[in-house]
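Trainee: Sharing a model that was predicted from the sequence below.
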Amino acid sequence: MKLGAFSISLSVKDIHASKEFYETLGFKQFAGDIERNYLIMKNGNALVGLFQGMFENNIMTFNPGWNESAEKLDSFNDVREIQKHLKEHNIPIINEADESTSGPASFVITDPDGNTILIDQHV
């Protein structure tokens, strides 16, 4: 199963302090808008999303169809295909993607320990 780029999406209290902290670790702003309270920081292949006031807990995020530079992949598993596979294996889906559509879509699952995983396709 090809899940695409992986990032961690962090729920932060002060996006400016978090930006400075991750810059000190060598991350650079890759995407986002600090005025809209979110940034995507990148260091090599590592991606960290900083989100202030958007969600309660940290989220693991996979982007089918993208590599870690947000470039479209030639081959990937569509988000609806991944969702169907998980359903067939009795993984409960939260906020399902509409399987009658194509293109961008997303769904959410939780792992056995309650960690949130977002499968978020942009292409």
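Mentor: Structure received. Numbers count the residues shown, from 1 in each chain.

Trainee: What's opposite the most centrally placed residue in the chain in the beta bridge?
Mentor: What sits nearest the mean C-alpha location of the chain, by C-alpha atoms, centre = their mean, is Thr61, with 2.6 Å. With DSSP bridges as the criterion, the beta-bridge partners of Thr61 are Ser7, Leu118.

Trainee: so it sits right up against Leu3, yeah?
Mentor: No: taking C-beta atoms under 8 Å as the definition, Thr61 is not a contact partner of Leu3, at 9.8 Å. Glycine gets a C-beta too; all of them are placed from N, C-alpha and C.

Trainee: can you map out the strands along this structure?
Mentor: Here the chain has its strands, by DSSP state E, at 5-12, 28-33, 38-43, 46-52, 59-63, 105-110, 116-121.

Trainee: Next, format the ones you listed as a markdown table and append distance to Ala70 and mean pLDDT.
Mentor: As requested, these are exported to a markdown table (distance: least, C-beta to C-beta, whole Å; pLDDT from 0 to 100):
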| stretch | distance to Ala70 | mean pLDDT |
| --- | --- | --- |
| strand 5-12 | 7 | 97 |
| strand 28-33 | 7 | 97 |
| strand 38-43 | 8 | 98 |
| strand 46-52 | 9 | 97 |
| strand 59-63 | 8 | 97 |
| strand 105-110 | 15 | 97 |
| strand 116-121 | 12 | 97 |
